[in-house]
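Trainee: I need the structure of the sequence given here:
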Amino acid sequence: MSEETKIKEQASTQKAEWKRFFNYQWVVKNIPFFFFLAALTVLYIYNGHYADKMARDISSTEKNIKELEYDYKTIESEVIFRSKASELEKVVEPLGLKELTKPPVKLVDDSTVASDQPQP
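Mentor: The predicted model follows:
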């Protein structure tokens with residue numbers, strides 16, 4: 001035999017080996033495994049889509065949190081500015097309220113002072 005015929009025989013036997021693995025009985029026997037692989041593929045694809053969706057949700061939530069944080073800081077600075085004594089004085093001036101220039105006076109009731117002292 002020549003070299004060419006040996007190579008052809010080896011190629012034909014290799015083809016026969018592959019055909020032996022992919023015959024009808026082998027395919028029918030492995031159908032559950034194919035379904036299992038298909039289910040894993042679907043789960044893998046779903047997991048990728050779910051991860052992308054969660055990343056988008058997290059990103060939008062972080063964006064909303066930053067916007068709310070900026071709003072909070074703006075409102076807080078306005079409240080602090082309006083609660084300064086000079087600003088409060090400007091706001092209550094039309095109501096007729098003014099800042100005290102004298103210290104407050106303590107009123108004392110004579111009847112309560114006399115009753116608090118022990119009697120001889």
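Trainee: sec struct for residue 104, please.
Mentor: Per DSSP: H, G, I helix; E, B strand; the rest coil, the secondary structure class of residue 104 is coil.
Trainee: gap between it and residue 57?
Mentor: Distance, residue 104 to residue 57, using CB to CB, to the nearest Å: 58 Å. C-beta here means a position set from N, CA and C on the backbone, and glycine is covered the same way.
Trainee: these two - which one has more neighbours?
Mentor: Between residue 104 and residue 57, residue 57 has the larger neighbour count (other CB atoms under 10 Å), namely 10 against 6.
Trainee: look at the more buried one and give its secondary structure.
Mentor: helix.
Trainee: for residue 43, see how far away it is.
Mentor: Using CB to CB, residue 57 is found at 21 Å from residue 43.
Trainee: where in this structure is pLDDT low?
Mentor: 1-2, 8-21, 112-120 (pLDDT under 70).
Trainee: and the strands in it?
Mentor: Using DSSP state E, the chain contains no strands.
Trainee: so how far is stretch 59-74 from its chain's centroid?
Mentor: Distance of stretch 59-74 from its chain centroid, counting by CA atoms, centre = their mean, to the nearest Å, is 12 Å.
Trainee: nothing else from me, thank you.
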